[in-house]
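K.L.:
need a 3D model of the sequence below.
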Amino acid sequence: MSADDQARRDALWGLARGYARSVDRGDGGAFLAVFAPDAELSVHNPPDAEASGVYRGHEELARIPPRMARFRATFHFLGQADYQLDGDEPTGEVYCMAHHRSAGDDDPTDYVMFIRYRDRYRRHEGEWRIAERRVLVDWTETRPVNPPGR
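P.N.:
Numbering: from 1, shown residues only. Now for the predicted structure:
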């Protein structure tokens, strides 16, 4: 692999990490920073279904972080990633286990989503950004939580 390809791969992986970290920290500015201004995010549950939610552009994408505040905490754990670096708009698929801790203290739960992010990327002002993200939900689980100190 060429040094340029490795640098591009590292930059795209950085977008995946930045997305996960911004959601988990509730950082709306960092969340928007991984997306091109006209980006689209769609959620598909199950993966081959029509989108159950579509957000286009920063104005609509900015609604996502506040929606996540209904959870006490989230924890996005990224797995393998595969990138196709051909052309000006590379693509990638990133695996994720997204944990969503319920807000209440009585019988807390963890809603776990097993996700593949199918992405298309492009440069914006010289930096790689997510131009399109399809959130493919393969399955979910709800688990009991054992909070510390209990």
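
K.L.:
name the helices or strands packed onto the strand of greatest length in the chain?
P.N.:
When the chain is parsed with DSSP state E, its longest strand is strand 127-144. Contacts defined by 3 or more C-beta pairs under 8 Å, 6 or more residues apart in numbering; DSSP states H and E place strand 127-144 against helix 3-25, strand 35-44, strand 109-124. Yep, even glycine has a C-beta here, placed from its N, CA and C like the rest.

K.L.:
with mean pLDDT and mean neighbour count added, can I get those in a markdown table?
P.N.:
Below are the helices and strands packed on strand 127-144 laid out as a markdown table (pLDDT from 0 to 100; neighbours: other C-beta atoms under 10 Å):
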| stretch | mean pLDDT | mean neighbour count |
| --- | --- | --- |
| helix 3-25 | 96 | 16 |
| strand 35-44 | 98 | 19 |
| strand 109-124 | 97 | 18 |
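
K.L.:
can I get these in CSV with distance to residue 101?
P.N.:
Shown next, in CSV, are the helices and strands packed on strand 127-144 (distance: least, C-beta to C-beta, whole Å):
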stretch, distance to residue 101
helix 3-25, 11
strand 35-44, 20
strand 109-124, 6
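
K.L.:
what comes up buried for the longest strand of the chain?
P.N.:
Neighbour-count burial for strand 127-144 flags 128-137 (criterion: 16 or more other C-beta atoms under 10 Å).

K.L.:
so who does residue 43 touch?
P.N.:
By C-beta atoms under 8 Å, 6 or more residues apart in numbering, residue 43 lies in contact with 51-54, 135, 137.
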